[in-house]
Structures are given as structure tokens and as C-alpha cells.
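[1] Provided below are the primary sequence and the corresponding predicted coordinates.
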Amino acid sequence: MPGLLSSPVCLTVIWFLSWSLRPSRAQIQTDEVSGVQYGRLGSNVTLACGKSQTRIPVVWHLNQSSALPWHKVTSDGSLVLLHTDHSAQGNYSCYDSQGLLLHSVKLRLGHPPGLLSISCQVPNHTHVRCSWVDSVKTFLPAKYNATLRGNGHEWRPCIVDITRKHCDVYQPRYWVTIHTLRVTETNGLGSETTYGRFRLHELLKPDPPESVLVKELEGYSKRLYVSWNSPSSWPLHDAFPLVFHIRYRPQGSMYWSEIYSDVSPVIISDALAGHLHQVQVRARDEVNSDSQWSEWSPLLLVRPWEVHTTTEPTEEPLPDDDDYPETSTAKTHKPEAEDEGNLGLVILLVLFSVVILTTVLSLIFVVWVRQRRRDHLAIQELASMVKMKSMPI
């Protein structure tokens with residue numbers, strides 16, 4: 001057997017079989033990707049055909065297609081993609097002249113991280129939530145690491161929610177004057193760290209009051225009953241009291257009336273009878289004057305109590321419709337009395353007009369007579385003066 005395996009014929013058969021099986025092995029490995037390479041959008045990206053420096057002719061494919069974006073192939077078989085855009089992303093594979101897969105790589109294109117826009121909310125004294133917005137759209141998956149510390153204290157982890165891009169810190173050192181948040185964003189093209197400085201006591205803003213209820217008070221046409229619960233996120237402790245701001249107005253009015261209270265419920269005593277009213281409630285930390293008011297609770301509409309008059313039922317049997325003419329449920333009107341009343345009103349108006357006209361004419365006549373007398377006296381005086389001047393001296 002050893003002599004048979006070493007014979008030239010046997011060696012030729014073994015070489016032929018190994019050569020004929022190479023393309024099938026390459027075909028099996030076509031869809032395999034050895035790694036991910038990241039590149040910047042708009043730049044030139046170079047993809048190496050494996051680690052070998054041997055200068056052999058190679059063929060590149062993108063997603064199993066020979067159609068490639070704008071490119072060139074270097075003498076060592078590397079593929080250079082020119083001025084890349086999103087269409088250049090995908091799975092790249094390089095083969096030798098016989099179709100053997102030499103290397104494959106997945107290309108992702110995007111931008112490195114930029115600075116973040118950070119904001120923080122403090123719904124109570126024991127919880128800080130900070131969120132951020134990217135200033136650069138990277139188009140690449142990113143990881144975030146966040147920490148918070150008060151001045152003079154160590155860094156504490158801020159628990160990150162990558163999907164919502166925010167982090168939470170519980171039991172912060174609330175009474176430390178200034179806190180610093182540090183957020184580092186990392187992707188395949190680099191990392192960027194952003195710092196934000198905050199005064200937690202100025203950011204304290206409770207959630208809106210819950211279970212707000214507004215209803216009428218029976219028997220009182222100008223009163224409304226308003227009740228609510230403290231926000232569930234606020235600790236129920238005497239050390240953290242809340243003050244509440246209630247505002248209300250008739251629907252359609254531009255002006256709000258206001259009540260401040262530290263307890264629920266309150267009674268509105270100056271509502272406008274018979275009108276729908278809009279009512280809202282908000283809250284703020286009573287001790288910390290630098291804190292912020294919560295958002296207003298949802299707008300509620302309610303009308304004060306109204307007297308509902310009902311007609312007392314009569315015990316007499318109702319007549320048939322055929323026996324009596326149809327009547328109205330409103331008050332019965334007497335045409336004769338109504339006409340007499342209208343005639344009397346017309347007569348009074350005419351008499352009043354005559355009196356007014358007579359008075360005005362009398363005044364005009366008196367003024368005219370007085371003016372005539374004054375004119376007559378003036379003419380007499382003027383004539384006397386002329387006669388005196390004409391007399392010889």
C-alpha cells in the first residue's frame with residue numbers, strides 16, 4: 001500500500017480531486033464575514049484582502065455582486081472606495097483568480113460622535129434623571145457611559161437606558177450646591193465626552209398633581225369643590241411639603257382666578273353661576289423657593305349647581321286631544337290685555353314727546369326775546385352817543 005500511494009498515478013489523482021473541490025469550498029464560505037470595518041461617510045475607505053501581502057490578482061464582490069461603487073484596486077489587492085456614501089455599505093468579499101474566497105468584511109459607514117446636549121430633571125429629592133440629544137447623526141450603533149458627582153465628592157454611576165438615551169441616579173447628594181454629569185459616547189469611529197453642570201435644587205420640579213376632581217356643591221350656585229392627590233413620585237414625608245396652585249375661570253374668559261393651598265380639598269366660593277368653568281392644579285416644593293412649579297394638571301370642565309324646576313303633576317285626568325284645542329306648556333297669553341297695554345304705552349310716549357317739544361320751544365322763545373331786548377337797548381345807546389357828538393360845544 002505505501003508503494004501504491006507514492007506512485008505517480010495516485011498522486012496525480014489526489015491532486016486533481018483536491019483542485020476540483022476548491023471552488024465548492026469557496027462557495028460555501030462566500031456568505032461568511034470575518035469582521036466589521038467602519039469608515040467615515042464622504043471619505044476614501046480602504047479594504048484589505050486579508051493579511052497577506054502577496055501580490056496576486058483578486059476580484060472583489062459587494063453583497064455577492066461584482067457591481068461595485070466608485071473604486072480602485074491597488075497592486076496588493078486592496079479595494080479603495082472613493083468618496084463613500086450610504087450605498088457603499090455592505091458585505092465585501094475578495095477572491096483569487098480561481099474563485100477561492102480569500103477574505104470578507106462588513107463595511108459600516110457613518111460619523112464619529114459629537115458633543116451631546118444634556119438636560120436633567122429632578123422630580124423629587126431622591127431621584128435625578130438626565131437625558132441627552134446627539135448633535136451629530138452618526139448612523140452607527142453607540143454605547144454610553146454616564147457618571148454624576150457633587151462638588152468635592154466621588155463619581156457615582158448613572159444607570160443608562162440606551163434606547164431612551166437617559167440615565168438615572170437615586171439618592172443623590174441633593175444639598176451639594178453644584179453637580180457635574182459626565183457622558184461618554186463611543187462608536188466604531190471614536191468617542192466623545194460631554195460635561196454638564198447643574199444646581200439640583202433649581203431643577204427640582206414635581207410631577208403634576210394626580211386624581212384631580214372638580215364637582216358642584218348641591219345647594220350652592222357659586223361654589224365648586226376641588227380635590228387632588230400629591231404626585232405618586234413625591235415622597236409622603238413631612239420634611240418635603242408641597243404647596244398647590246389652583247386656577248379657574250368661566251369658559252371663554254381670558255382671566256384666571258387663583259387660590260393657593262397646602263391641603264386638599266379647597267372650595268371655590270366665587271364661581272359664576274350657570275357657567276362652565278375650567279379648573280387646573282399644579283404643585284411646587286413649599287420649602288425650596290428656587291424650585292419650579294410642576295406642569296398643570298389636565299383641564300377639567302364643570303358647572304356649578306343649578307336649581308332644576310319641575311312642574312308638579314296634577315291629579316285631574318288629562319282631557320282627550322279631540323275634546324280640547326292644542327295648548328302650549330308656556331304661560332297663556334291674553335291678546336286683548338296685551339293690545340291694551342301696547343296702546344297705553346304708545347299714548348304715554350306721545351304725551352312725553354309733546355311735553356319735551358313744548359319745553360324746548362319755550363326755552364328757545366325766551367332766549368330769543370331776551371336777545372331782542374338786548375339788541376334794542378344797544379341801538380338806543382348808540383343813537384344817544386351819536387346825538388351827543390353832533391351837538392355844538
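    Arrived safely, thanks for sending.

[2] Lowest mean pLDDT among the helices and strands, pick that one out for this protein.
    helix 8-28 (a mean of 42; mean pLDDT, DSSP states H and E).

[3] Parallel or antiparallel, list what pairs with the helix or strand following that helix.
    Downstream of helix 8-28, the first helix or strand assigned by DSSP states H and E is strand 36-40. With DSSP bridges as the test, strand 36-40 is paired with strand 101-110 (parallel).

[4] which ones are touching the residue most central in space within the chain?
    By CA atoms, centre = their mean, the chain has its centre lying nearest to Glu295, at 11.6 Å. Taking CB atoms under 8 Å, 6 or more residues apart in numbering, we find Glu295 in contact with Asp207, Pro208, Arg282. For the C-beta atoms, the positions are set from N, CA and C on the backbone; glycine is no exception.

[5] Tell me which of those fall in strands.
    Arg282 (DSSP state E).

[6] just to revisit the earlier point, the residue nearest to the centre of the chain and Val302: what is the separation?
    Separation of Glu295 from Val302 (CB to CB, to the nearest Å): 21 Å.

[7] With Tyr220 instead?
    Taking CB to CB, one finds Tyr220 at 13 Å from Val302.

[8] Those two - which one has more neighbours?
    Val302 (18 against 15; other CB atoms under 10 Å).

[9] Give me the spatial nearest neighbour of the more buried one, chain neighbours excluded.
    Distance criterion CB to CB, 6 or more residues apart in numbering; nearest residue to Val302, sequence neighbours excluded, is Val214 at 4.6 Å.

[10] and that neighbour, what are its bridge partners?
    Applying DSSP bridges, one finds that Val214 bridges with Val226.

[11] what residues are up against it?
    Val214 sits in contact with Leu224, Tyr225, Val226, His277, Val279, Leu300, Val302, where contact means CB under 8 Å, 6+ apart.

[12] Please pick the buried ones from those.
    Leu224, Val226, His277, Val279, Leu300, Val302 (16 or more other CB atoms under 10 Å).

[13] which residues in the stretch 1-150 of the chain form strands?
    All strands of the stretch 1-150 of the chain, identified by DSSP state E, counting those that start in this stretch, fall at 36-40, 45-47, 58-62, 71-73, 79-81, 90-96, 101-110, 116-124, 127-134, 143-150.

[14] Would you mind putting those into a markdown table with mean neighbour count, mean pLDDT and distance to Ser261 alongside?
    Formatted as a markdown table, the strands of the stretch 1-150 of the chain follow (neighbours: other CB atoms under 10 Å; pLDDT from 0 to 100; distance: least, CB to CB, whole Å):
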| stretch | mean neighbour count | mean pLDDT | distance to Ser261 |
| --- | --- | --- | --- |
| strand 36-40 | 15 | 93 | 59 |
| strand 45-47 | 17 | 91 | 66 |
| strand 58-62 | 18 | 88 | 69 |
| strand 71-73 | 15 | 83 | 73 |
| strand 79-81 | 19 | 90 | 68 |
| strand 90-96 | 20 | 90 | 65 |
| strand 101-110 | 19 | 91 | 54 |
| strand 116-124 | 18 | 94 | 20 |
| strand 127-134 | 18 | 94 | 26 |
| strand 143-150 | 18 | 94 | 34 |
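
[15] Between these, which one is closest to Arg247.
    Between Arg247 and the strands of the stretch 1-150 of the chain, the tightest spacing by CB to CB is seen for strand 116-124, at 22.0 Å.

[16] Which strands or helices does the closest one pack on?
    Here strand 116-124 touches strand 127-134, strand 179-187, strand 190-198, helix 200-203, going by 3 or more CB pairs under 8 Å, 6 or more residues apart in numbering; DSSP states H and E.

[17] which of these sits most buried?
    Most buried of the helices and strands packed on strand 116-124 by mean neighbour count (mean count of other CB atoms under 10 Å) is strand 179-187; its value is a mean of 20.

[18] could you give the mean pLDDT of that one?
    Strand 179-187 carries an average pLDDT of 95.

[19] just checking, what packs against it?
    strand 116-124, strand 127-134, strand 143-150, strand 190-198.

[20] out of these, nearest to Ala378?
    When the helices and strands packed on strand 179-187 are compared (using CB to CB), the closest one is strand 116-124, at 91.0 Å.

[21] Next, the angle strand 127-134 makes with the closest one.
    Angle between the axes of strand 116-124 and strand 127-134 is 160 degrees (criterion: axes from the mean of the first three to the mean of the last three CA atoms, to 10 degrees).

[22] Measure how far strand 116-124 is from the centre of its chain, please.
    How far strand 116-124 lies from its chain's middle: 16 Å, per CA atoms, centre = their mean, to the nearest Å.

[23] thought Thr84 was touching Gly39?
    Yes. With contacts counted by CB atoms under 8 Å, Thr84 reaches Gly39, the gap being 6.1 Å.

[24] what sits in contact with each of these two?
    Val45, Leu109.

[25] Look through this protein and tell me its longest helix.
    Ranked by residue count, the top helix of the chain under DSSP state H comes out as helix 335-390.

[26] where do the strands sit along the stretch 151-300 of the chain?
    Using DSSP E, counting those that start in this stretch, the strands of the stretch 151-300 of the chain run over 156-157, 159-161, 166-170, 179-187, 190-198, 210-217, 220-229, 242-250, 257-261, 266-268, 277-285, 300-302.

[27] Not counting its neighbours along the chain, what's nearest Glu202?
    Asp290 (5.0 Å).

[28] neighbours around that neighbour, how many?
    Quick note: Asp290 (other CB under 10 Å) scores 10 neighbours.

[29] Please tell me I have it right and it contacts Leu203.
    No. The pair Asp290 / Leu203 is not scored as a contact, 9.3 Å apart, by CB under 8 Å.

[30] so can I have TSV of the strands of the stretch 151-300 of the chain showing distance to Pro57?
    Formatted as TSV, the strands of the stretch 151-300 of the chain follow (distance: least, CB to CB, whole Å):
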stretch	distance to Pro57
strand 156-157	54
strand 159-161	49
strand 166-170	53
strand 179-187	35
strand 190-198	35
strand 210-217	73
strand 220-229	77
strand 242-250	78
strand 257-261	84
strand 266-268	87
strand 277-285	75
strand 300-302	79
